[in-house]
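Engineer: Predicted model and sequence below, questions to follow.
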Amino acid sequence: MAELCLKLHPKDTVSILTGRAGADDTPLGTGVPLEGPVTRGHKIANTDIPEGGGIFKFGQLIGYATRDIKTGEHVHTHNCTFGDHGRDYEVGADLEAAKAAIPDVAPKSFMGYRRANGAAGTRNYIAICGTVNCSATVIRRAAEIINHSGVLDEYPNIDGIAAFAHGTGCGMASSGPGFDNLQRVLWGYATHPNVGAAVFVGLGCEQMQLARMREIYGELDESRFFMMTIQENGGTQKSIDMIVDHIKAFLPQVNAVERTEIPASELKLALQCGGSDGFSGITANPALGIASDLLIGMGGSVILSETPEIYGAEQLLLRRAASDAVAQKLLERIRWWEDYTAASHGSMDNNPSPGNKQGGLTTILEKSLGAVAKAGSTPLAGVLEYAEQIRDKGLLFMDTPGYDPVSATGQIAGGAQMLCFTTGRGSAFGSKPTPTIKIATNSALFAAMPDDMDLNCGDILSDGADLHAKGEEILDFVLASASGKKTKSESLGLGDNEFVPWQVGAVM
């Protein structure tokens, strides 16, 4: 049974089960039998750990023993708990090594849409953006009418009409983080490189006013944008009819754009993980990290997010921060989250979820160490606010919640044209107007959910697949999808309901 255990770092006090072990099995070969069956992805102590002693995985602290743990015992929530992970940050200590980790690779390209403002798109949607929940039914119905009418059959270069409805826009403060988040999201989606034209639809009396948005961002090109309110246009049905008419008028112009060769350096790749398991930090996430490094080596941008899910691993990013200013901005967001969760009577260890724990993850410290692996090894070049426009190259961090729809909404609003999503438990996530590529961390999941998973990284363990080659495979898939290859989530029609702007502040 010893071959079932994988020790990731010489400093580790636990090893990972690569297969299921039964009661009375001795997976470490120590002669110490398990008291009951243990699922793959879970941890076994490879040394005696005293009560209160640190438990290490990836060479990093992931928790503390709540009682004495003997060699060969299962280590999980029954004997391991969250605790302080230490704050002796060495900002920039690994910066030179991170610079050296930027690979010297030949440039690649994809077939994308070149917009009039120079931006590069991977899809060609028409977006209907509701400024308030009161317009949600109107925009969804207008989108359904056109998508189901058959008229788009005449316009093969248009990917569809996407209605971006949400649950806020009023009953909120007229300034502050929540308001700013929503405003950046709405504008970011409407002007996204993957959007050929957009319609803003408000009720008319809400906090999120169209006129104010125009004042902040400037006048709109009326050949690509249209703004309207339901109250000014005679109510629900008349507004639906007006939206349909305006979109039909947009169709010939939006369809006229054709794919052309665009350097991969213009890609902005969002990184997500959800439904993670004990293999996420061993297979799919490090493979995606290699793909991230390769894209950065070509001059592209990679966006890591989910601030609560780097908690406990922030030191790995801080050690390769490009400047002290970048490091301090990340630390400020970490402190904000600690205060935010405390004020809400929560804990930063609210993550992992029940599913994560069933998959072998015990504390947020452990989950975060695996999540950060998606970001590869290059310097941390910048830290962005939620839904802030992505303007820099290299590895960037965007402050978002760990909840995948909210996090991805921020990344897409920032301008990410592609998104990679690793999962070990399985996920039914998809996004518009940015395609989501789903990557399985284990081969069992890939076999169980073939209609949802685009790529398998489980073969790194099950078949000895090369990690670097897997990273190259991921990047090649990203470029193929950026060129028009449909992802599994696109084929399933996912993406409309996964638009969830981050709501911060009181609902009044």
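Structural biologist: Nice, I can see it.

Engineer: what about the residue nearest to residue 132 when sequence neighbours are not counted, which SS state?
Structural biologist: Sequence neighbours aside, residue 169 is the residue nearest to residue 132 in space, at 3.1 Å (criterion: CB to CB, 6 or more residues apart in numbering). To be clear about C-beta, it is placed using only N, CA and C from the backbone, and glycine gets the same treatment. Three-state assignment for residue 169 (DSSP: H, G, I helix; E, B strand; the rest coil): coil.

Engineer: Next, the buried residues of the helix or strand bottoming out on mean pLDDT in the chain.
Structural biologist: Least confident helix or strand of the chain, by mean pLDDT, DSSP states H and E, is helix 210-217 with a mean of 86. Neighbour counts using 16 or more other CB atoms under 10 Å place 210, 213 of helix 210-217 among the buried residues.

Engineer: For that helix, name the packing helices and strands.
Structural biologist: Contacts defined by 3 or more CB pairs under 8 Å, 6 or more residues apart in numbering; DSSP states H and E place helix 210-217 against helix 177-190, strand 195-202, strand 225-229.

Engineer: Give me the residues contacting that helix.
Structural biologist: 131, 183, 186, 187, 200, 202, 220, 227, 229 (CB atoms under 8 Å, 6 or more residues apart in numbering).

Engineer: ditto for stretch 134-142
Structural biologist: With contact meaning CB under 8 Å, 6+ apart, stretch 134-142 is reached by 128-130, 161, 163-167, 169-170, 199, 201-203, 206, 230, 236, 239-240, 243-244, 247, 496.

Engineer: Convert the C-alpha atoms of that stretch to PDB, please.
Structural biologist: Presented in PDB, the C-alpha positions along stretch 134-142 are these (Å, rounded to 0.1, in the frame of the first residue of the first chain):
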ATOM      1  CA  CYS A 134     -36.400  45.600 -11.900                       C
ATOM      2  CA  SER A 135     -35.200  45.300 -15.500                       C
ATOM      3  CA  ALA A 136     -34.200  41.600 -15.200                       C
ATOM      4  CA  THR A 137     -37.300  40.100 -16.700                       C
ATOM      5  CA  VAL A 138     -37.400  42.600 -19.600                       C
ATOM      6  CA  ILE A 139     -33.800  42.000 -20.700                       C
ATOM      7  CA  ARG A 140     -34.100  38.200 -20.300                       C
ATOM      8  CA  ARG A 141     -37.300  38.100 -22.300                       C
ATOM      9  CA  ALA A 142     -35.800  40.200 -25.100                       C
END
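
Engineer: Which positions within that stretch qualify as buried?
Structural biologist: 134, 135, 136, 138, 139, 140, 141, 142.

Engineer: mind checking the SS state of the first one?
Structural biologist: Spelled out, that is residue 134. Classification of residue 134 by three-state DSSP places it in helix.

Engineer: how near is it to residue 97?
Structural biologist: Residue 134 is 53 Å from residue 97, where distance means CB to CB, to the nearest Å.

Engineer: what inclination does the regular element (helix or strand) spanning residue 247 have with respect to strand 225-229?
Structural biologist: Using DSSP states H and E, residue 247 sits in helix 236-255. Orientation check (axes from the mean of the first three to the mean of the last three CA atoms, to 10 degrees): helix 236-255 against strand 225-229 gives 180 degrees.

Engineer: quick one: contacts of helix 236-255?
Structural biologist: 124, 126, 128, 135, 137-139, 141-142, 145-146, 151-152, 154-158, 161, 196-197, 199, 201, 223-224, 226, 228, 230, 233.

Engineer: PyMOL command for the buried members of those residues?
Structural biologist: A single PyMOL command selects the buried members of the contacts of helix 236-255 (16+ other CB under 10 Å):
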select buried, resi 124+126+128+135+138+139+141+142+145+146+151+152+155+158+161+196+197+199+201+224+226+228+230+233
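
Engineer: what angle separates the helix holding residue 247 from strand 195-202?
Structural biologist: Using the same axes, to 10 degrees: helix 236-255 against strand 195-202 is 160 degrees.

Engineer: Figure out how far helix 236-255 is from the centre of its chain.
Structural biologist: Put simply, helix 236-255 sits 32 Å off its chain's centre (CA atoms, centre = their mean, to the nearest Å).

Engineer: How about stretch 258-274?
Structural biologist: That offset, for stretch 258-274, works out to 14 Å (CA atoms, centre = their mean).

Engineer: Could you count how many residues lie near residue 144?
Structural biologist: When neighbours are defined as other CB atoms under 10 Å, residue 144 has 14 of them.

Engineer: OK, contacts around it?
Structural biologist: Counted by CB under 8 Å, 6+ apart, residue 144 has contacts residue 163.

Engineer: do that again at 6 Å, thanks
Structural biologist: The neighbourhood of residue 144, defined by CB atoms under 6 Å, 6 or more residues apart in numbering, contains no residues.

Engineer: check which helix or strand covers it.
Structural biologist: Here residue 144 is assigned to helix 136-147, by DSSP H and E.

Engineer: Same question for residue 113.
Structural biologist: Counting by DSSP H and E, the element that carries residue 113 is strand 109-114.

Engineer: Quickly run through the sheet partners of that strand, with directions.
Structural biologist: When sheet partners are counted by DSSP bridges, strand 109-114 sits next to strand 120-121 (antiparallel), strand 259-263 (antiparallel).

Engineer: Just name the most buried of these.
Structural biologist: strand 120-121 (a mean of 23; mean count of other CB atoms under 10 Å).

Engineer: contacting residues around it?
Structural biologist: Counting by CB under 6 Å, 6+ apart, 112, 113, 193, 194, 262, 266 sit against strand 120-121.

Engineer: ok, back up a step: list buried residues within the contacts of stretch 134-142.
Structural biologist: If we count by 16+ other CB under 10 Å, the contacts of stretch 134-142 have these buried: 128-130, 161, 163-166, 169-170, 199, 201-203, 206, 230, 239-240, 243-244, 247, 496.

Engineer: for the record, mean pLDDT for the helix holding residue 247?
Structural biologist: The pLDDT scores in helix 236-255 average 97.

Engineer: again, but for stretch 273-281
Structural biologist: Averaged across stretch 273-281, pLDDT comes to 95.

Engineer: go on, stretch 84-95?
Structural biologist: Averaged across stretch 84-95, pLDDT comes to 90.

Engineer: buried ones in that stretch?
Structural biologist: Along stretch 84-95, these residues count as buried under the neighbour rule (16+ other CB under 10 Å): 85, 89, 91, 92, 94, 95.

Engineer: before we move on, what about stretch 61-79?
Structural biologist: Residues of stretch 61-79 classed as buried: 61, 62, 63, 64, 65, 69, 72, 73, 74, 75, 76, 79 (neighbour count, 16+ other CB under 10 Å).

Engineer: that's a strand at the second one, yeah?
Structural biologist: It refers to residue 62. Yes - applying three-state DSSP, one finds residue 62 inside a strand.

Engineer: Apart from its neighbours in sequence, what residue is nearest it?
Structural biologist: residue 366 (3.8 Å).

Engineer: what's the answer for the first one, then?
Structural biologist: Here the nearest residue to residue 61 in space, its sequence neighbours aside, is residue 54; by CB to CB, 6+ apart that works out to 5.1 Å.

Engineer: before we move on, the earlier item: tell me the one among the contacts of strand 120-121 nearest to residue 22.
Structural biologist: Of all these, residue 22 sits closest to residue 194, with 49.1 Å by CB to CB.

Engineer: you'd agree the closest one is up against residue 433?
Structural biologist: Yes - Residue 194 is within contact range of residue 433, at 3.8 Å (criterion: CB atoms under 6 Å).

Engineer: shared neighbours, the two?
Structural biologist: By CB under 6 Å, 6+ apart, the residues touching both residue 194 and residue 433 are 123, 125.

Engineer: tell me the domain boundaries of this protein?
Structural biologist: When the chain is parsed with automatic domain parsing, its domains come out as 1-81, 95-99+262-491, 125-256.

Engineer: The first one: how far from the chain's middle?
Structural biologist: So that's domain 1-81. For domain 1-81 - counting by CA atoms, centre = their mean - the centre lies 30 Å from the chain centre.
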